[in-house]
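> What would the 3D arrangement of this be:
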Amino acid sequence: MEQPKKKTTKSSEDHLSGNHTKEVRKGQKLARLIFFLIAGINILIATAMFLYSRIFSLENALEAIMRQSLSYVALVTFITGTVYVGLGLFLKIYPKFIIWTGIFVIVLKLAYSLYLNAYSFTMEPFLDVVFLIGLLYALRSYYHFQAPLKSKK
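Numbering: from 1, shown residues only. Alright, predicted model coming up:
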């Protein structure tokens with residue numbers, strides 16, 4: 001006589017593990033979105049600054065210096081945007097390190113922009129604060145939900 005097959009259901013621990021995995025992925029997706037947004041903004045600003053620097057003539061010495069300075073700033077901004085694209089791409093491989101790096105860079109940028117603006121609150125530091133909050137949420141979800149996943153294995 002054949003015995004009826006028992007229906008296998010997920011245990012509550014497996015179900016919680018699945019929820020933890022979803023939360024970790026959600027935090028990583030948020031961090032990746034923030035990195036790509038920052039990269040896009042930096043690359044767009046770099047392109048605009050480079051194009052704007054072309055309106056200055058090379059005959060006038062002051063305008064030539066202005067043109068060269070804007071070109072260098074545009075280059076640095078473009079490199080920064082490219083670095084953020086790289087951080088977003090490597091996020092799945094090294095999530096903790098990359099999220100901490102992003103937080104550190106945003107805090108330094110926030111402090112520097114506040115210093116340059118004489119500690120007045122303009123739009124750029126506001127965006128940095130929003131991005132910082134998103135990265136802190138991603139880090140929280142990484143630590144909060146990654147530890148139970150590692151203990152299960």
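> Alpha carbons of stretch 91-106, as CSV, please.
Provided in CSV are the C-alpha atoms of stretch 91-106 (Å, rounded to 0.1, in the frame of the first residue of the first chain):
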residue,chain,number,x,y,z
LEU,A,91,27.7,46.8,-5.5
LYS,A,92,26.5,43.2,-5.8
ILE,A,93,30.1,41.9,-5.2
TYR,A,94,31.2,44.1,-2.4
PRO,A,95,28.0,45.6,-0.9
LYS,A,96,29.2,46.6,2.5
PHE,A,97,32.4,48.3,1.3
ILE,A,98,30.8,50.2,-1.5
ILE,A,99,27.9,51.5,0.6
TRP,A,100,30.3,52.7,3.3
THR,A,101,32.5,54.3,0.6
GLY,A,102,29.4,56.1,-0.8
ILE,A,103,28.4,57.3,2.6
PHE,A,104,31.9,58.6,3.4
VAL,A,105,32.2,60.4,0.0
ILE,A,106,28.7,62.0,0.4
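> how about that stretch: buried residues?
Residues of stretch 91-106 classed as buried by neighbour count (16 or more other Cβ atoms under 10 Å): 91, 95, 98-99, 102-103, 105-106. Just so you know, the C-beta spots here come from the backbone N, C-alpha and C atoms, and that holds for glycine as well.
> so can I have TSV of those showing pLDDT?
TSV is the format used below for the buried residues of stretch 91-106 (pLDDT from 0 to 100):
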residue	pLDDT
Leu91	77
Pro95	78
Ile98	80
Ile99	80
Gly102	80
Ile103	82
Val105	81
Ile106	81
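> Out of those residues, which sit inside helices?
Among the buried residues of stretch 91-106, the members found in helices (DSSP state H) are 95, 98-99, 102-103, 105-106.
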